[in-house]
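Trainee: Next comes the sequence, and after it the predicted model I'd like to discuss.
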Amino acid sequence: MPRETTPAQDLIRGIWEENPVLIQMLGLCPALAVTNTVKNALAMSAATFFVICCSSVLVSSCKRFIPREVRISAYILVIATFVTLADMMLQAYAPVQHKELGAFIALIVVNCMILGRQEAFSSKNTVLRSLLDAIGTGIGFTIALLMLGGFREILGIGTFFDIPLFGSNFEPWVVFVLPAGGFLTLGFIILGMGYFEERKKAGNAA
Amino acid sequence: MNDKSSADTLVVTPPGAEPASQEPVEKNVSTFRLVATLAVAGILAGMLIAMVNEHTKPIIDAYRAEQLRIAVYEVLPGAARYTTFYLVDGELNPTLPDGAKEVEYKRVYVGFNEEGGPVGVAVSRGESGFQDVVMIILGFDPVGGKLTGMKVLESKETPGLGDKIFKDKAFVDQFFAGPELPLVSVKAGSGKGEPNEIDSITGATISSKTVTRIINNAVEEWMPLLQQGIPEDEQP
């Protein structure tokens, strides 16, 4: 039996305590692939946020009509529909970002973070709580992507949100905008979080 | 275990009992309902996508056309307007045969100055670069045999190195300085001052050579046809 939670906990849980990327290690593919600049990270987060919120609301409100046997197919169908909508709207209203993100927009369909929330939460809870849970998870995903994007853009290009930070003498650390830099950055962030977690535990025990 | 037993009961359930037990008993769901649920969901999803597509498609098409228009004027300095000519049966034609699809035909954009005289021809072409296909639009003067401009339309070249083919102003400016065709890619600083040399970017030799190769191939493909005569402007 899962323990009872309040609506506020539903919202907050996904943001930090159970952060989808940094703690649950879900949705790492987009988190690594398109976070070479803050703008790309933000566009990816926004698209994912839209998809997870809409999917959670729809899945939780239709849960009575979806037979157990085909629930995964139904969830995928719902998610794929919203991803296609997000794809078309990004292409129409943010064409530059759409070009940068390329195929990764379509790949939101297979982001296991979204499917995971439908199966683990939305299919068993009310519409409101599912929406809160989706918002929390979406914010958590956004925070993780912005952290990655921020580090990588500052070190790899020397800018933050396209604003130059260091003047002309800065030699960009190109590896950080390449895929290898994504792995390195994520690794260091998780290492840092683990370190502080350990210290907190040690502090509590003492 | 669970799955097996539910599958067994599904087979055993007498057909007559099905309509009555359909709603209250959730575990014995008929195959028909499984298919129907997904079919209805699929139809609804399709309708929703079609509705949004109806709304966004004109915006997307308009943006693409606008980007292309800007690019053509950029690579053909001095052009006041341009006309698109399609390659139909080995001849350049401003209109397509009836019922033909636009995407199936190769095309050139011929730029004209205020007086209606041709200033150059723009074509787009894509070839493999260091990472993926590099798409370029180039403008050239078939009479003088000189390049008038080049713009990278699509590229996934390495950030920080290969992407200098469109971010490094010094490299790009070389293509607007009217180099003679065909181009020759040389190591930066080691050129002999010939009018067809393009200094490649240090650390991005393959990307630089891709650009010059695409331009040379495009010119080679179109030059014989264009030297027979550049099509006249349609509207005076």
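Mentor: Noted; the coordinates are in hand.

Trainee: What is the distance between stretch B:137-147 and the centre of its chain?
Mentor: For stretch B:137-147, the distance from its own C-alpha centre to the chain's C-alpha centre is 21 Å (Cα atoms, centre = their mean, to the nearest Å).

Trainee: go on, stretch A:78-96?
Mentor: Centroid separation for stretch A:78-96 versus its chain: 16 Å, with Cα atoms, centre = their mean.

Trainee: Do any residues in that stretch lie close to chain B?
Mentor: Yes: against chain B, stretch A:78-96 shows contacts by Cβ under 8 Å from any Cβ of the partner chain at A:78, A:80-81, A:84-85, A:88-89, A:91-93, A:95. Yep, even glycine has a C-beta here, placed from its N, CA and C like the rest.

Trainee: How about stretch A:31-45?
Mentor: Yes: contact between stretch A:31-45 and chain B is present through A:N36 (criterion: Cβ under 8 Å from any Cβ).

Trainee: returning to what we had before: ok, and the most crowded of the residues of stretch A:78-96 next to chain B?
Mentor: Note: the member of the residues of stretch A:78-96 next to chain B with the most neighbours is A:V78, at 26 neighbours, neighbours being other Cβ atoms under 10 Å in any protein chain shown.

Trainee: about what we covered before: so which of the residues of stretch A:78-96 next to chain B sit within helices?
Mentor: With helices identified by DSSP state H, the entries of these that belong to them are A:78, A:80-81, A:84-85, A:88-89, A:91-93, A:95.

Trainee: what does chain B have sitting close to chain A?
Mentor: Contacts of chain B with chain A, taken as Cβ under 8 Å from any Cβ, map to B:26-27, B:29, B:33-34, B:37-38, B:41-42, B:45, B:48-49, B:52-53, B:55-57, B:59-60, B:63, B:154, B:156, B:158-161.

Trainee: If any of these are buried, put those into a PyMOL selection.
Mentor: Written as a PyMOL command, the selection of buried residues from the residues of chain B next to chain A, which uses 16 or more other Cβ atoms under 10 Å in any protein chain shown, is:
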select buried, chain B and resi 29+33+34+37+38+41+45+49+52+56+60+63+158+159+160+161
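
Trainee: Show me which parts of the top helix by length along chain A are buried, residue by residue.
Mentor: Ranked by residue count, the top helix of chain A under DSSP H comes out as helix A:127-156. Within helix A:127-156, the residues that qualify as buried by neighbour count (16+ other Cβ under 10 Å) are A:127, A:129-145, A:147-156.

Trainee: cool, and stretch A:12-22?
Mentor: Within stretch A:12-22, the residues that qualify as buried by neighbour count (16+ other Cβ under 10 Å) are A:12-15, A:19-22.

Trainee: dump the residue contacts of A:G140.
Mentor: If you count contacts by Cβ atoms under 8 Å, 6 or more residues apart in numbering or on different chains, A:G140 has them with A:14-16, A:18-22.

Trainee: Format those as CSV; extra columns: pLDDT and distance to A:I189.
Mentor: Supplementary listing: those in CSV, determined by pLDDT from 0 to 100; distance: Cβ to Cβ, whole Å:
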residue, pLDDT, distance to A:I189
A:G14, 87, 17
A:I15, 88, 16
A:W16, 83, 13
A:E18, 87, 16
A:N19, 89, 11
A:P20, 90, 14
A:V21, 90, 9
A:L22, 89, 7
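
Trainee: B:M47: neighbouring residues, count only.
Mentor: 11.

Trainee: Make a markdown table out of the residues of stretch A:78-96 next to chain B and add pLDDT.
Mentor: Shown next, in a markdown table, are those (pLDDT from 0 to 100):
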| residue | pLDDT |
| --- | --- |
| A:V78 | 94 |
| A:A80 | 94 |
| A:T81 | 95 |
| A:T84 | 93 |
| A:L85 | 94 |
| A:M88 | 92 |
| A:M89 | 92 |
| A:Q91 | 89 |
| A:A92 | 91 |
| A:Y93 | 90 |
| A:P95 | 88 |
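
Trainee: got the end-to-end distance for stretch B:132-152?
Mentor: In stretch B:132-152, first residue to last residue: 13 Å (Cα to Cα, to the nearest Å).

Trainee: now it, how far from the centre of its chain.
Mentor: Its chain's C-alpha centre and that of stretch B:132-152 lie 15 Å apart, by Cα atoms, centre = their mean.

Trainee: Next, the buried residues of it.
Mentor: In terms of neighbour count (16+ other Cβ under 10 Å), stretch B:132-152 has its buried residues at B:134-142, B:146-152.

Trainee: Just the residues contacting the longest strand belonging to chain B, thanks.
Mentor: Using DSSP state E, we find that the single longest strand of chain B is strand B:118-128. Where contact means Cβ under 8 Å, 6+ apart, the residues beyond strand B:118-128 that reach it are B:71-72, B:75-79, B:82, B:107-113, B:133-142, B:148, B:153-154, B:210, B:213-214, B:217-218, B:221-222, B:226, B:230, B:233.

Trainee: so of the residues you listed, which ones are in strands?
Mentor: Mapping the contacts of strand B:118-128 onto strands (DSSP E) picks out B:82, B:107-112, B:133-141, B:148, B:153-154.
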